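J.: My questions are about this predicted structure, shown below with the sequence.
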Amino acid sequence: MTVQNTPSVKGAFWGPVIAGYCGLLVAIGMGRFGFPPLIPAMVEASWASPTTLNLSAAFNLAGYMAGALASITATRLLGVRALIILASIASVAAFAFSAIPLPSPVFIALRTLSGVTGGLMMIVIPPVVASTVAPTRRGLAGGLTFAGVGTGFMLSGTVVPLFAAQGPAAAWLACTAIIAAAAIALVLTLPRTPPPEPAQVGAQAPTGWRTSPAFIGLAAAYSAAAAGYVPHTTIFVDHVARDLGYGLVVGGWIWILAGCTAVVAPMVAGLAADRFGFALSLRVVVALMALGAAIPVLTSQIVLLGLSAMLTGGLMIGLGSLAAGRTREIVGAEAHTPAWALQTVVFAAMQAGGAYCFTAILATTGSHALVFALASAIMFAGVSIEIATARRA
């Protein structure tokens with residue numbers, strides 16, 4: 001999976017950035033995270049049971065892992081541009097077909113497809129942006145690219161409550177229109193430069209990074225965050241809207257708070273990393289996420305629940321940019337791509353496993369407090385391991 005970067009295209013910035021921003025908005029911001037705000041509307045309209053919807057979220061995460069695993073092979077077979085275009089079309093189709101009541105297996109399959117396209121584009125799009133902007137502007141370009149994820153958060157939280165009164169179909173179609181518009185912008189601005197080329201046989205790269213304490217510690221913190229923030233992306237909005245009785249509109253605003261945070265977090269995280277270092281910034285973010293996950297265990301006060309959404313749901317996108325930068329610090333530029341791919345796959349595996357486990361725990365116990373408490377404990381444990389292993393490095 002070792003990959004070299006192609007030379008940067010001098011002067012290219014806004015085209016690649018807009019393409020990256022729209023790509024992650026389509027595949028991640030809406031394709032993966034646009035679904036949770038729709039859960040209460042679908043339950044109230046009797047389109048699906050809560051168990052089916054929670055399972056579909058879990059399969060979405062599993063699809064994301066499968067897409068991440070298949071991304072390098074798919075790129076070699078189809079090419080970057082064709083792969084991104086096909087994934088965009090699939091993302092639009094998955095939302096459009098969900099606008100009608102479907103049997104549970106078909107609906108779960110569509111959510112899985114959205115996950116696959118998300119995994120493919122998460123691996124492919126950031127290197128495309130990085131390889132076509134000047135090295136001195138890659139940090140800003142990466143932050144703006146990941147802001148597409150937060151924009152999807154925010155748009156879904158805004159659009160769903162506005163259209164849910166007309167039923168789930170209207171909300172699904174409104175989200176489809178947003179995805180389709182972003183997909184068109186993506187195709188129009190997508191750089192036409194060649195994809196990254198496989199490294200030549202005999203090319204030297206750092207060895208031993210997979211077993212280095214710092215890399216393992218980073219994986220522990222990043223994957224713990226992956227599992228620990230799952231409840232906030234699958235059940236938190238529904239918990240606030242229905243279980244706590246705040247209603248769909250308030251649930252949507254909770255999601256908007258997380259989305260606004262996710263738009264800003266990557267850029268703020270980049271500034272913090274420049275000033276304080278990637279390692280320290282990453283530890284602070286994971287600790288804040290763990291604190292946010294504990295808030296619903298302690299209170300049902302709506303202002304604090306909004307803070308919980310911002311800390312645990314919103315900071316995750318900033319953590320992604322920090323984890324990518326920290327990976328590069330640990331393994332060096334030559335091994336950055338395969339190391340980041342491995343971190344992403346482990347991240348996705350922990351997301352999927354966390355979704356299945358938390359769904360089972362909630363179905364068995366009915367205790368949201370237990371789910372959020374476990375999520376918080378997992379994240380605190382992960383950052384503790386990262387700190388301990390970093391001291392050994």
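T.: Great, that's in hand.
J.: can you tell me how far Ile254 sits from Gly119?
T.: Separation of Ile254 from Gly119 (Cβ to Cβ, to the nearest Å): 26 Å. For every residue, glycine as well, the C-beta is placed using N, CA and C.
J.: hmm, I was thinking of Trp209
T.: 22 Å.
J.: The two: who's more crowded?
T.: Neighbour count, other Cβ atoms under 10 Å: between Trp209 and Gly119, Gly119 has more, with 28 against 20.
J.: Look up how far Leu120 lies from Leu83.
T.: As judged by Cβ to Cβ, Leu83 and Leu120 stand 6 Å apart.
J.: Revised request: answer the last question for Leu374.
T.: 30 Å.
J.: wouldn't Ala141 be in contact with Trp14 here?
T.: No: counting by Cβ atoms under 8 Å, Ala141 stays clear of Trp14, with 9.4 Å between them.
J.: Averaged pLDDT, the one helix or strand Val346 maps to. What do you get?
T.: Per DSSP states H and E: Val346 is located in helix 336-365. Across helix 336-365, the average pLDDT comes to 85.
J.: Quick one: name whatever helix or strand follows it.
T.: Using DSSP H and E, the helix or strand that follows helix 336-365 in sequence is helix 368-392.
J.: So which bits of that next one are buried?
T.: For helix 368-392, a neighbour-count test (16 or more other Cβ atoms under 10 Å) marks 368, 371-376, 378-380, 382-387, 389-390 as buried.
J.: helices or strands up against that helix?
T.: Judged by 3 or more Cβ pairs under 8 Å, 6 or more residues apart in numbering; DSSP states H and E, helix 368-392 is in contact with helix 213-228, helix 230-234, helix 278-298, helix 336-365.
J.: can you give me the angle the helix holding Val346 makes with helix 368-392?
T.: When axes from the mean of the first three to the mean of the last three Cα atoms, to 10 degrees is applied, the directions of helix 336-365 and helix 368-392 differ by 150 degrees.
J.: From the contact counts, what lies against helix 336-365?
T.: Checking 3+ Cβ pairs under 8 Å, 6+ apart, helix 336-365 ends up next to helix 50-78, helix 104-132, helix 213-228, helix 230-234, helix 316-331, helix 368-392.
J.: can you pull the pLDDT of Ser114?
T.: Looking at Ser114, its pLDDT reads 93.
J.: what's near enough to touch it?
T.: Taking Cβ atoms under 8 Å, 6 or more residues apart in numbering as the criterion, Ser114 is in contact with 31-32, 35, 60, 63, 90-91, 94-95.
J.: ok, and the most crowded of those residues?
T.: Most surrounded of these: other Cβ under 10 Å gives Gly31, at 33 neighbours.
J.: Relative to Leu61, how far out is that one?
T.: To Leu61, Gly31 is 12 Å away according to Cβ to Cβ.
J.: Identify the contacts common to those two.
T.: Shared contacts of Gly31 and Leu61 (Cβ under 8 Å, 6+ apart): Gly115.
J.: Show me where this protein dips below the pLDDT cut-off.
T.: For the chain, the stretches with pLDDT under 70 are 1-11, 135-136, 139, 193-207, 333, 337, 393.
J.: Kindly spell out which helices and strands sit in contact with the helix or strand hosting Ala82.
T.: Assigned by DSSP H and E, Ala82 falls within helix 80-97. If you count contacts as 3+ Cβ pairs under 8 Å, 6+ apart, helix 80-97 packs onto helix 50-78, helix 104-132, helix 168-189.
J.: Tell me what angle the second one forms with helix 168-189.
T.: Between the axes of helix 104-132 and helix 168-189, defined by the same axes, to 10 degrees, the angle is 30 degrees.
J.: ditto for the first one
T.: What separates the directions of helix 50-78 and helix 168-189 is an angle of 20 degrees, with the same axes, to 10 degrees.
J.: So which bits of helix 50-78 are buried?
T.: 50, 52-72, 74-75, 78.
J.: next one: it to chain centre, how far?
T.: Computed by Cα atoms, centre = their mean, to the nearest Å, the chain-centroid distance of helix 50-78 equals 12 Å.
J.: for the shortest one, same thing?
T.: Relative to the chain's own centre, helix 168-189 is displaced by 18 Å; criterion: Cα atoms, centre = their mean.
J.: Any chance you could list what contacts it?
T.: The contact list for helix 168-189, computed with Cβ under 8 Å, 6+ apart, reads 15-16, 18-19, 22-23, 25-26, 30-31, 34, 38, 41-42, 45, 47, 84-85, 88-89, 91-92, 95-96, 98-100, 148, 155-156, 159-160, 162-164.
J.: Now, the residues you listed that are in helices?
T.: 15-16, 18-19, 22-23, 41-42, 84-85, 88-89, 91-92, 95-96, 148, 155-156, 159-160, 162-164 (DSSP state H).
J.: about what we covered before: the helix holding Ala82: how far from the chain's middle?
T.: Chain-centre distance of helix 80-97: 17 Å, with Cα atoms, centre = their mean.
J.: cool, stretch 231-244 as well?
T.: Centre-to-centre, stretch 231-244 and its host chain are 18 Å apart (Cα atoms, centre = their mean).
J.: So which bits of it are buried?
T.: Using 16+ other Cβ under 10 Å as the test for burial, stretch 231-244 gives 231-242, 244.
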